[in-house]
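>>> predicted model and sequence follow; I will ask about them next.
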Amino acid sequence: MINTIDISHYGTVAESIRIEAARILGEGLVTAVVAYTAGRRAGSVQPAIITSAAEAERLTFTAASVNNLAVYLTKAKKDIPRSGRIGIVVKGCDLKALVGLMGESQLQREQLYLIGIPCAGVLASTVRPAEPLTAGNLAPKCRECDAQLPEGCDYVPEIDLPLPTPLESTYAAEIARLEGLTPAERWAYWKEQFAKCIKCYACRQVCPFCFCEQCLCDRNKPQMVDTTPRPAGNTAWHIVRAMHLAGRCAGCAECERVCPMDIPLNLLNRKMAKELKELFDYEAGFAVNEKGPLTMFMEKDDQSFIK
Amino acid sequence: MQKYLSRHNFYTLLDTLISGGIRVVAPRMTAGIPLYGPLGESVEMVLDQLPRRSAKEAFFPVCEDIMSYEKEGQQVRLTDVEPASFPETVLVGVRPCDAAAIPVLDGVFSWDYKDEFFLERRRKTTVIGLACTSADDACFCTAVGLSPADTRGSDLFLTPLADGGYLCDVCSDKGEALVADTINLFSEPGSSTPLPLAAPSVPAFDLKKVKGWLDGHFEDPLWDGTALRCVGCGACAFVCPACHCFDIVDEGTEKSGKRRKSWDACGFWKFTHHASGHNPRDKQPKRYRNRIMHKFKYYDDKFGQTLCTGCGRCVRICPVGIDIAAIVTEINGMAIECTPAGGETRS
Amino acid sequence: MHPEKTISSDFEPKVIAFVCTWCTYAGADLAGTSRMQYPSNVRVLKFPCTGRIDPVFILKAFQQGADGVLVSGCHPGDCHYIAGNFHARRRFAAFRKLLEFVGVDLQRLQFSWVSAAEGGKWVEVVTELTEKVRAMGPMMEFKELALEEQWSGAMISPELQDAYRQI
């Protein structure tokens, strides 16, 4: 296929993960490793939490290793046993989320053993996990990835391949298209998208930053957001979600990938990222910041919109 | 009774119904994805993809009002929603996995309490099923005792033919009435052969043995092993043709508002959260266990049916790749291993 | 089914003002005690600080039928809690971009700094917003949205038609 993306090094990467996971578990360096194993369907991959060196041989890494495993280290996932240091396999985008969680004092670097992936991209959807990776089915976030090689990991498999050069951002183009519409046209666009929402909250549950003990939208005293999956409550939910992630979202785009109704949720996150870059020169990256753009301020911040 | 319906006449049939004031609900593209919805005209129908949500919403809406209230001074006025106002509907292009779930749902909605919202929609809806000619590796209807040509739940059942037309099986009185009303569009079956049916690849489960294993394994390492990675969303339940849990909430102000019924899911932590703060299903694996238990044991205990039709939607959309077909295959294997020795549980 | 967006001459906009208690509320109070006139369309909601005004309140106000929303607090440097208004400034700078992106006309959302001494500025700000919103007509988006249903739960009841007529 013409637009096939070269991921021939994923085999080597997978083998390196198996060896490293077995070593760190065997030496007692970590108590568990969060990684990927193969599923039943051809090409399918699922998250796995292993606790013994013997299990390491099940681990894999392919273009279907889409999940951001950072979600398993948040306090929202109380069922995951957490004692001692934990190993975790991270792509660049996943690492940005971990870094964000460290900035929000949810995790400490020394609790983690990071196995970084030299990443050439993953699939946009796992409905057909065995499909070869092409520019057509590549996750949109991967097109514009600036973090193919995660920084500051404890271990990164060595590869002798150049990683693919970024493609044109589809998000930027779509945001520009929407910005060019009138407010009424934009409202109509989002109304149609949000109407599909069934409030399954997959977007919230996979998000590493949605770690609240109780979501505002699950509370009824006061009931700030209608809980029923009607257009009104759906719209409110998605606006609240995007606002709560503004300045925190690391861009893993898991919300968009998991949406069973294909709502382009990451467009909202990317739009907010773009605005926060313009307003406050903030971007999610590999450096731990104690303060995000909306938890700090400068006296000279723009206030041209205020009378 | 079998009839022949040409492709052209199939679309004519739908347009005739629509112009006659009948609501025709079929898969159609909705903001980029196939979903069931009312057609404006027959050409909107999309039959080559399984809709993302199942056909259950035609009977059990995502969200519906059941009552409204208005307060004026000391007076509170309550207005019930009248099921009699529901429209006559023809539900078209329903795959066997979706159609078969409808009679399964009849059990729970007409047992003890008769749910008039469900039952009235059921009475007013004629279901036109459609045989499946393609399957992916998430499909497993044949593993739960159905088939890509199963007519359960359908009033009329169409089998695609090589000439583009359909062989139409009349499966109920409702179906017969619909054919009688539009008899000039149907003819006697001709020589065109049916297209080959889909062939899902998952080997059949022994549902009785699976249930037998579940009877004795409320506590089992399997649950932790497979469900620890469950992130606790409701996607699987919401796309499922057979899941039927719902929540009832009041929305509005102190002056006026509605009482609404909407889909709920056992994967949510809030689902079993008590007012006291106690939660009997305090961990995600316990919630996932309920999903499997309800589908393959509890529903069978009560209604003698399995609450899964193998449509594979949950397998395709699970954010973390939890595969119900793989889990039940594993249970099936363990069940077969332990039953020949006289129904003992696994050591 | 949707009625034409006509601006009837008797349209009285509903404007919700979220204000901080230390500056803008005192400023509005000053306007009142000084017998200055300002539109009675404004409903004032008092908060300890603009830093306490959650963007979801603004959303809720629009959902509950507001045609315009004003958020007002202390001038930079004057916050009773030192920096609440600086945080609010960033938050609202971001939030208004989000609302704009989903299609809310930002003409309906106004932010201002009004001190306890600025009774005149309070009158000016609320009068200008009220008249602007009056000229724009009712905020239909959220009101129409509140009546929308998923097709499966929708009913064309006389009650619903009444509701459409009312907005």
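Received the coordinates, thanks.

>>> how close does the residue lying farthest from the centre of chain C sit to B:T89?
Most distant residue from the mean C-alpha position of chain C: C:S152, 33.3 Å away (Cα atoms, centre = their mean). Distance from C:S152 to B:T89, counting by Cβ to Cβ, to the nearest Å: 10 Å. Glycine gets a C-beta too; all of them are placed from N, C-alpha and C.

>>> with A:M224 instead?
For A:M224, the distance to B:T89 - Cβ to Cβ - is 36 Å.

>>> who has more neighbours, the two?
Using other Cβ atoms under 10 Å in any protein chain shown, the more surrounded residue of A:M224 and B:T89 is B:T89, with 19 against 16.

>>> do you know the pLDDT at the more buried one?
Looking at B:T89, its pLDDT reads 96.

>>> report the beta-bridge partners for it.
B:T89 has these beta-bridge partners by DSSP bridges: B:R23, B:T125.

>>> so what touches whichever helix or strand C:L59 is part of?
Here C:L59, judged by DSSP states H and E, is contained in helix C:55-63. For helix C:55-63, contacts defined as Cβ atoms under 8 Å, 6 or more residues apart in numbering or on different chains pick out A:216, A:224-225, A:232, A:236, A:239-240, A:243, C:16, C:18, C:45, C:69, C:71, C:91-92, C:95, C:99, C:104, C:108-109, C:139, C:141-142, C:145-146.

>>> could you rerun that using 7 Å?
A:224, A:232, A:236, A:239-240, A:243, C:16, C:18, C:69, C:91, C:95, C:109, C:139, C:142, C:146 (Cβ atoms under 7 Å, 6 or more residues apart in numbering or on different chains).

>>> tell me the contacts of B:L47?
B:L47 touches B:P27, B:G93, B:L130, counting by Cβ under 7 Å, 6+ apart.

>>> same list, these, but as CSV with distance to chain A please.
CSV is the format used below for these (distance: Cβ to the nearest Cβ, whole Å):
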residue, distance to chain A
B:P27, 14
B:G93, 19
B:L130, 21
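
>>> now for the contacts of helix C:55-63: which two are most distant?
Using Cβ to Cβ, those span at most 25.5 Å, a distance reached by C:R91 and C:A146.

>>> count of residues packed around the residue in the stretch 201-347 of chain B that chain C sits nearest to?
As assessed by Cβ to the nearest Cβ, chain C sits closest to B:T253 within the stretch 201-347 of chain B, at 7.4 Å. Each residue near B:T253 was counted by other Cβ under 10 Å, and the total is 9.

>>> and the one 10 residues further on, by the same measure?
Using other Cβ under 10 Å, B:W263 is surrounded by 25 other residues.

>>> B:S191 too?
Counted with other Cβ under 10 Å, B:S191 comes out at 8.

>>> any idea of the pLDDT on C:E4?
The score at C:E4 is 48. That number is its pLDDT.

>>> residue in chain C nearest to chain A?
For chain C, Cβ to the nearest Cβ, closest residue to chain A: C:G103, 2.8 Å.

>>> and that residue, how far from A:G247?
C:G103 sits 22 Å away from A:G247, going by Cβ to Cβ.

>>> between these two, who's got more neighbours?
A:G247 (24 against 20).

>>> how about the residues of chain C near chain A?
By Cβ under 7 Å from any Cβ of the partner chain, the residues of chain C that approach chain A are C:55-56, C:59-60, C:63, C:76, C:83, C:86-87, C:89-91, C:93-98, C:101-105, C:110-113, C:125, C:141, C:145-146, C:148-150.

>>> same thing with chain B?
So chain B meets chain A at B:30-33, B:52, B:62-63, B:137-138, B:228-229, B:231-235, B:238-239, B:249, B:251, B:260, B:262-263, B:270, B:283-285, B:316-317, B:319-321, B:323, B:325-326 (Cβ under 7 Å from any Cβ).

>>> ok, back up a step: highest neighbour count among the contacts of B:L47?
Highest count within the contacts of B:L47 by other Cβ under 10 Å belongs to B:P27, 28 neighbours.

>>> just give the nearest non-adjacent residue to that one, would you?
Closest residue to B:P27 apart from its sequence neighbours, by Cβ to Cβ, 6 or more residues apart in numbering or on different chains: B:P51 at 4.4 Å.

>>> kindly export stretch B:226-239 (C-alpha atoms) in PDB.
What follows is stretch B:226-239, C-alpha atoms only, in PDB (Å, rounded to 0.1, in the frame of the first residue of the first chain):
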ATOM      1  CA  THR B 226     -10.300 -10.200  33.200                       C
ATOM      2  CA  ALA B 227     -12.000  -7.200  34.600                       C
ATOM      3  CA  LEU B 228      -9.300  -5.300  36.500                       C
ATOM      4  CA  ARG B 229      -8.600  -3.300  33.400                       C
ATOM      5  CA  CYS B 230     -12.300  -2.300  33.000                       C
ATOM      6  CA  VAL B 231     -12.400   1.500  33.200                       C
ATOM      7  CA  GLY B 232     -16.000   1.600  34.300                       C
ATOM      8  CA  CYS B 233     -17.800   3.300  31.500                       C
ATOM      9  CA  GLY B 234     -21.200   2.200  30.200                       C
ATOM     10  CA  ALA B 235     -20.400   1.800  26.500                       C
ATOM     11  CA  CYS B 236     -20.900  -2.000  26.500                       C
ATOM     12  CA  ALA B 237     -24.300  -1.800  28.100                       C
ATOM     13  CA  PHE B 238     -25.500   1.100  25.900                       C
ATOM     14  CA  VAL B 239     -24.600  -0.400  22.600                       C
END
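
>>> could you dump the contacts of B:L47 to a markdown table with pLDDT, distance to B:D15 and secondary structure?
Listed next are the contacts of B:L47 as a markdown table, based on pLDDT from 0 to 100; distance: Cβ to Cβ, whole Å; DSSP: H, G, I helix; E, B strand; the rest coil:
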| residue | pLDDT | distance to B:D15 | secondary structure |
| --- | --- | --- | --- |
| B:P27 | 98 | 17 | strand |
| B:G93 | 97 | 15 | strand |
| B:L130 | 98 | 18 | strand |
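
>>> next, the distance between the ends of stretch A:282-300.
In stretch A:282-300, first residue to last residue: 15 Å (Cα to Cα, to the nearest Å).

>>> residues contacting that stretch, please?
Residues from elsewhere that reach stretch A:282-300 (Cβ under 7 Å, 6+ apart): A:95-96, A:99-100, A:102-103, A:151-152, A:246-251, A:276-277, A:280, C:76, C:83, C:86-87, C:89-91, C:94.

>>> these two touch, right, B:T193 and B:A162?
Yes: the criterion here is Cβ atoms under 7 Å, and B:T193 meets it with B:A162 at 5.1 Å.

>>> so which strand or helix has the spatially most central residue of chain C?
Closest residue to the average C-alpha location of chain C: C:V69 at 1.0 Å, with Cα atoms, centre = their mean. If you go by DSSP H and E, C:V69 is part of strand C:68-73.

>>> so which residues of the stretch 201-347 of chain B form strands?
B:246-252, B:256-263 (DSSP state E, counting those that start in this stretch).

>>> okay then, goodbye and thanks.
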